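Participant: below are the sequence and a predicted model for it; my questions follow.
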Amino acid sequence: MDDIVVKTVSRVVIPFALVYGCYVVFHGHLSPGGGFPGGAILAAAVVLYTLVYGLKRASAKVTHRVSSRLESGTLLVYIVIGAVGIIAGRTFLTNLSAGFPAGRAGSVVSGGMIPLISVAIGLKVGSTLVTLFHAMIHDDSEAS
Amino acid sequence: MKPNRPKAILIVLLGALFLLLVYGILEMPTAGNRNNPAHREIAQRYLRRAEQDTNAPNVVNSIITDYRALDTLGEAAVLFTATAAVLTVLTALKTGRRR
């Protein structure tokens, strides 16, 4: 899309969207939000970048290798976080009684494994959406 | 006859799994019964105890990532499966077109 207005506006909007996505992910246990919506916001920023600047520049920023590794790796991170509960002698995905620090209620580092899992889910959802979008748009641009 | 043997083994295994799962359903409390734990105490217990159990003010998130974290793991696995399926189909289409 070669439009000066769209390019300028998206250049202003995309950093704010990325920061807001990170905020929603990291404050998932404190305010409405969490991994799924935050990841969707992060992915929306990347999708906007792809739409405005084209797939070639976007896949130089977020390569297919990075997004697909992130996609599979965060699932493993989730399972490893769950396995900590087993190592601590509790059930799979145990939170505070497995030794995750409780922190001070209301601060970002609190709630034990909840922020960790939120970050994993956020990266997972974001990379899934970006991977699928790039794969589909790649297929489209080759077909035409 | 020989190539059909794996399929027969698979059918037997899947049938056994099916029977096992149906047996699991029979053990479940009847749907809609108002004495089920889900209708009686779980919701109130979560709302009452979530903050002291997880030390996080957002009860919704402490349910999906603590009490029901295994469900969320399943959701993440669904996302992974969706990506794998879509990428498989798209790659197959692409290589098919080149040929």
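Facilitator: Perfect, thanks for sending it.
Participant: please make it C-alpha for all contacts and neighbour counts, starting now.
Facilitator: Will do.
Participant: the host helix or strand of residue B:46 vs chain A: in contact?
Facilitator: According to DSSP states H and E, residue B:46 maps onto helix B:43-54. Yes. Using Cα under 8 Å from any Cα of the partner chain, we find that helix B:43-54 touches chain A at B:53, B:54.
Participant: does anything pack onto the helix or strand just after that helix? Which helices or strands?
Facilitator: Next along the chain after helix B:43-54, taking DSSP H and E as the criterion, comes helix B:59-62. Under the contact criterion of 3 or more Cα pairs under 8 Å, 6 or more residues apart in numbering or on different chains; DSSP states H and E, helix B:59-62 touches helix B:43-54.
Participant: mind listing what's buried along stretch A:97-111?
Facilitator: For stretch A:97-111, the neighbour count (16 or more other Cα atoms under 10 Å in any protein chain shown) marks A:97, A:98, A:100, A:102, A:105, A:106, A:109, A:110, A:111 as buried.
Participant: okay, it in PDB with CA atoms only?
Facilitator: C-alpha atoms of stretch A:97-111 as PDB (Å, rounded to 0.1, in the frame of the first residue of the first chain):
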ATOM      1  CA  SER A  97       2.300 -24.000  46.700                       C
ATOM      2  CA  ALA A  98       4.900 -25.200  44.200                       C
ATOM      3  CA  GLY A  99       7.200 -22.400  45.300                       C
ATOM      4  CA  PHE A 100       6.400 -19.600  42.800                       C
ATOM      5  CA  PRO A 101       6.900 -16.300  44.700                       C
ATOM      6  CA  ALA A 102       3.700 -14.700  45.700                       C
ATOM      7  CA  GLY A 103       5.000 -11.100  45.700                       C
ATOM      8  CA  ARG A 104       3.100  -8.100  46.900                       C
ATOM      9  CA  ALA A 105      -0.500  -8.200  45.800                       C
ATOM     10  CA  GLY A 106      -1.100  -5.500  43.200                       C
ATOM     11  CA  SER A 107       2.500  -5.300  41.900                       C
ATOM     12  CA  VAL A 108       3.600  -6.600  38.500                       C
ATOM     13  CA  VAL A 109       5.700  -9.300  40.100                       C
ATOM     14  CA  SER A 110       3.000 -11.200  42.000                       C
ATOM     15  CA  GLY A 111       0.600 -14.000  41.600                       C
END
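Participant: please enumerate the helices of chain B.
Facilitator: B:4-27, B:37, B:43-54, B:59-62, B:69-98 (DSSP state H).
Participant: comparing those, which gets the lowest mean pLDDT score?
Facilitator: Lowest mean pLDDT of the helices of chain B: helix B:37, a mean of 76.
Participant: how about the strands of chain A, start to end?
Facilitator: For chain A, strands defined by DSSP state E do not occur.
Participant: domains in chain B, as residue ranges please.
Facilitator: Domain ranges of chain B: B:37-67, B:71-99, per automatic domain parsing.
Participant: run the chain-centre distance for the first one.
Facilitator: A distance of 20 Å separates the centroid of the chain from that of domain B:37-67, by Cα atoms, centre = their mean, to the nearest Å.
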